[in-house]
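K.L.:
everything below, folded, please.
(one chain, ligands or ions: 3)
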Amino acid sequence: MYCSVILRGAIRQTDNLYTYRVPEELRADTYAGSLVSVPFGKGDSKKTAVVVDVMEEFNGDARYIKDIDSLLSKTPVLNPDQLELIEKVSERFNCTRGDVVELMVPSCVVNHRNPVELFAELVSREKAEEVLQSEKLRSAAHINILEYLLERGKCTKKELMASISCSSAQINSLEKKGLITLVKESSDAEEPQLAISNDIPEGKFTEEYDLSDEQKDAVNEILKGIDSKKDNTYLLFGITGSGKTEVYLNIAKKVISEGGSVIYMVPEISLTPQTINWIKGRLGDSCAVLHSRLTDKQRYEQWNNIRTGKARVIVGPRSGVFAPTVNLRLIILDEEHDGSYKAESHPRYSARDIARMRAKITGCSVVLGSATPSVESFYAAQAGAYKLLELKNRARSEATLPEIIPVDMKEQIKLGSGDMLSLPLRQAMSVAFSENKQVILLLNRRGFSRTLVCEDCGEPYTCKNCSVAMTLHNNRRNGTQSLICHYCGYTVPSYEARCSFCNSNHFKKAGFGTQQLEEFLHSVFPHEKVLRMDQDSTMTPGAHKEIIEKFAAKEASILIGTQMIAKGLDFPDVTVVGVLGADLMLASSSFKASERAFQLITQAAGRAGRGEHPGKVFIQSFRPEQPLLQFACTQNYRAFYEQEIEYRQKLKLPPYKALGEIVLSLSDEETLIKRANEVASYLKAFLGFQDPKYQFEIYGPMPCVIYELRGRYRMSFVIKAVNKSAINGVFKRLIADFDHMKYPMSFDNDPQDG
Ligand code: ADP
Ligand code: ZN
Ligand code: ZN
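P.N.:
Residues are numbered from 1 along each chain as shown. Ligands and ions are numbered 1, 2, ... in the order given. Predicted coordinates:
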């Protein structure tokens, strides 16, 4: 008996099907989908692999065929539908089949039999601090490692490598320097960071409702689709608070009662104890929850429950889409527009696309839910590719939609309020506090630090071709600064920049930070307690949860934060929400800036008035009359969509054309520029020969928005083409024709951020 295998985590050179002989004693237990250890290469080093096919005979020269070493799991780790998915995912996302196997068979499964891990620990905190201060360390990776360990304490070497993208050698070299130690320990000893209690609080979490008519229609329609076994995709478009969760829970319950399984994905940030309790409270023990705070051992248990069919509802972030479910009938993506469904490191897969691919293979249905669907999904629904289901009313009759109030910050500054908190917002806050209510202030700052706004009129400086914010770059060679568009490469020397609205030539860096806001709040409301949720305050594990619990327990009356706070949280006592710096959301350098801003404002507004008390939402802007903010104020998704789809069509952006991004990164700047130009000439020549039907356009090379990252300089190219497979075709040529060591490139056929 023989079998062919894929090596888990294979690189391109080893991403082949390899044939092995199955020794007598293993034959009874070896199937397609089995996890095995095999001797590989000249030195016969041991590799982990997955069996994709089993055959009785081998038609070649069997003398060179090696035996598999052992079975790493008594039952197969992959189901037939997953095996079928491997090839498709690797094609679509330009990764190896071995990469896909790695996503499907997480390390907790491979390590299960040997749960001993290597931990890294500082030899002494004082010494580490001293070395950091003395600036003796030259390597950015070394600095990052020490800082990470100072911040978090002891952690596994794997976690360290994954979190700061350093290499094993870099960690080892710090051990040689005597700054850290590496010790082998059993990861079983790890205390769980977050134990989800089994005794779920009664009441809210278990309560079942009589469905509204809208909810009933949606449930029935989806159940019909599930029965038909025809990979239907539904877009459940329902305003915030319309009871989408209730729809998911009802269909999930039906599916599991008939012996099917459900994958229920939520953005990682919503995997709070609140959501988990809610789902567990209703669906009980048949749930497996996969979140980032699980230890390897807990993760393995969950995974094993899924594989054996003990767990029927798999709740998790994007990686949940690869779960080894038994009899998969339904995949749900809650908040389908959320950016976290797209992986931002290799392989850059989109869980939404993979859900659809899995549906094609298994005949299960996909439900995408959102109050603010992504433009691509709504377009697909309009075109009839998805079935559109609408919930137009809030589920609880007493919960009214919040009043949304635009505030003109130009006037406010004239009135002396400063640029952080307008007078109407301050007044509403005072009223809320006097009634023992709470306030959320949203300040989104992601990706704005390098964009400029006009000092006189507050407008962001945007590209004349693409209407996205241009980003400021230092040109180190001659000490000048330029503004560069990340999509078309258009460049303006900063001294030539003029505001397109008022012709001013004074610009400043956009925005203020959460910490500044916190200090300001202390001076305006000295008696109120403030909680801050942003990247800095949630660095330590569990911090995010702690902040939410404190706010829910009303230990503070104000919660300020970045986009993290806008999603999925349910605080009945919040009556006022402030969206600060709404213009800056639009000043992001991504073509999705408007979409993101609309989504964020809607989600944030959805936090107000969830209980019996009506809510007020203040949107502070320098140009409150601009259409997007008007649409956000009236919560008019369709009007927003019409405007946005017109812009996408005009500029040939998704969904009209596919976008691809290639990033070349090297530690030496001169070499980078030279090689980027070589790639550019190659691309221009190659694309010049292509059939016009592919509609290729190429831009670049241009510096990435974040030009320096972890000690490397980065240049990018943007390609537009008729569809993703045309883009993938170009990526494949580059992969084949360029030496990856000399030209380290990353490829993305669905870039989200500028
Ligand atoms: P969405 O996910 O659409 O924002 P939720 O599912 O969070 O909305 O529902 C909003 C609120 O309405 C929740 O508190 C939920 O318990 C409640 N709810 C949902 N469906 C019903 C119903 N049919 N009757 C009464 N309350 C409901
Ligand atoms: Zn201006
Ligand atoms: Zn441009």
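
K.L.:
going forward, measure contacts and count neighbours with C-alpha atoms only.
P.N.:
Fine.

K.L.:
buried stuff in stretch 683-701?
P.N.:
Judged by neighbour count (16 or more other C-alpha atoms under 10 Å), stretch 683-701 contains these buried residues: 683, 687, 694, 696, 698-701.

K.L.:
can you pull out the strands in the stretch 551-700 of the chain?
P.N.:
Listed from the start of the chain, the stretch 551-700 of the chain has strands (DSSP state E, counting those that start in this stretch) covering 558-561, 574-580, 616-621, 658-666, 697-709.

K.L.:
want to throw those into JSON lines with mean pLDDT?
P.N.:
Compiled in JSON lines, those are given as follows (pLDDT from 0 to 100):
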{"stretch": "strand 558-561", "mean pLDDT": "91"}
{"stretch": "strand 574-580", "mean pLDDT": "91"}
{"stretch": "strand 616-621", "mean pLDDT": "91"}
{"stretch": "strand 658-666", "mean pLDDT": "95"}
{"stretch": "strand 697-709", "mean pLDDT": "86"}
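
K.L.:
give me whichever of those strands is most buried.
P.N.:
Comparing the strands of the stretch 551-700 of the chain by mean neighbour count (mean count of other C-alpha atoms under 10 Å), strand 574-580 ranks first with a mean of 27.

K.L.:
how about the strands of the stretch 551-700 of the chain, which one is nearest A383?
P.N.:
strand 658-666 (16.9 Å; C-alpha to C-alpha).

K.L.:
which elements pack onto the closest one?
P.N.:
Secondary-structure packing of strand 658-666 (3 or more C-alpha pairs under 8 Å, 6 or more residues apart in numbering; DSSP states H and E): helix 669-688, strand 712-721, helix 724-737, strand 745-748.

K.L.:
return the residues of this protein in contact with ligand 3.
P.N.:
Listed as neighbours of ligand 3 in the chain under the rule C-alpha under 5 Å from the ion: 463, 465-466, 485, 488.

K.L.:
of those residues, closest to A141?
P.N.:
Closest approach to A141 among those (C-alpha to C-alpha): C485, at 29.7 Å.

K.L.:
how about the closest one, what does it touch?
P.N.:
Contacts for C485 (C-alpha atoms under 8 Å, 6 or more residues apart in numbering) come out as 462-463, 466, 468-471, 491, 589.

K.L.:
what's the closest of the strands of the stretch 551-700 of the chain to P273?
P.N.:
Proximity to P273, assessed across the strands of the stretch 551-700 of the chain by C-alpha to C-alpha, is greatest for strand 558-561 (18.2 Å).

K.L.:
restricting to C-alpha, output that closest one in PDB.
P.N.:
Once non-C-alpha atoms are left out, strand 558-561 reads as follows in PDB (Å, rounded to 0.1, in the frame of the first residue of the first chain):
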ATOM      1  CA  ILE A 558     -16.700  57.400  29.800                       C
ATOM      2  CA  LEU A 559     -15.100  54.900  27.400                       C
ATOM      3  CA  ILE A 560     -12.900  56.300  24.800                       C
ATOM      4  CA  GLY A 561     -11.200  54.300  22.100                       C
END
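
K.L.:
and it, how far out from the chain middle?
P.N.:
Relative to its chain's centre, strand 558-561 lies at 22 Å (C-alpha atoms, centre = their mean, to the nearest Å).

K.L.:
what's the answer for stretch 110-127, then?
P.N.:
27 Å.

K.L.:
stretch 472-486 too?
P.N.:
On C-alpha atoms, centre = their mean, the centre of stretch 472-486 falls 29 Å from the chain's centre.

K.L.:
OK, contacts around the residue of the stretch 601-750 of the chain found nearest ligand 2?
P.N.:
With C-alpha to the ion as the measure, F622 is the residue of the stretch 601-750 of the chain nearest to ligand 2, at 10.7 Å. F622 is in contact with 408-410, 457-459, 583, counting by C-alpha under 8 Å, 6+ apart.

K.L.:
hang on, R498 packs against V492?
P.N.:
No - using C-alpha atoms under 8 Å, R498 is not in contact with V492; the gap is 9.8 Å.

K.L.:
mind exporting stretch 223-232 as CSV, just the C-alpha atoms?
P.N.:
Extracted in CSV, the C-alpha atoms of stretch 223-232 (Å, rounded to 0.1, in the frame of the first residue of the first chain):
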residue,chain,number,x,y,z
LEU,A,223,-33.8,27.2,6.0
LYS,A,224,-35.3,26.6,2.6
GLY,A,225,-31.9,27.2,1.0
ILE,A,226,-30.1,24.9,3.5
ASP,A,227,-32.5,22.1,2.6
SER,A,228,-31.9,22.5,-1.1
LYS,A,229,-28.2,21.9,-0.5
LYS,A,230,-27.2,24.3,-3.3
ASP,A,231,-24.5,26.5,-1.9
ASN,A,232,-26.7,29.6,-1.6
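
K.L.:
for that stretch, list every residue counted as buried.
P.N.:
Here stretch 223-232 shows 223, 225-226, 229, 231-232 as buried, counting by 16+ other C-alpha under 10 Å.

K.L.:
before we move on, what about stretch 418-433?
P.N.:
Buried residues in stretch 418-433, counted by 16+ other C-alpha under 10 Å: 419-423, 425-426, 428-429, 432-433.

K.L.:
redo those residues as a markdown table? Include pLDDT and secondary structure.
P.N.:
As requested, those are exported to a markdown table (pLDDT from 0 to 100; DSSP: H, G, I helix; E, B strand; the rest coil):
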| residue | pLDDT | secondary structure |
| --- | --- | --- |
| D419 | 79 | coil |
| M420 | 87 | coil |
| L421 | 93 | coil |
| S422 | 95 | coil |
| L423 | 96 | helix |
| L425 | 97 | helix |
| R426 | 96 | helix |
| A428 | 96 | helix |
| M429 | 97 | helix |
| A432 | 95 | helix |
| F433 | 96 | helix |
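
K.L.:
name the nearest of those relative to ligand 3.
P.N.:
Nearest to ligand 3 among those is D419, at 29.2 Å by C-alpha to the ion.

K.L.:
tell me if I'm right that that closest one and I413 touch.
P.N.:
Yes - using C-alpha under 8 Å, D419 is in contact with I413, at 6.2 Å.

K.L.:
give me the distance between P572 and E159.
P.N.:
37 Å (C-alpha to C-alpha, to the nearest Å).

K.L.:
and the helices in the stretch 401-550 of the chain?
P.N.:
Per DSSP state H, counting those that start in this stretch, the stretch 401-550 of the chain carries helices over the ranges 409-414, 423-434, 514-524, 543-552.

K.L.:
from the chain's centroid, how far away is the last one?
P.N.:
Which is helix 543-552. Worked out by C-alpha atoms, centre = their mean, helix 543-552 lies 21 Å from the chain centre.
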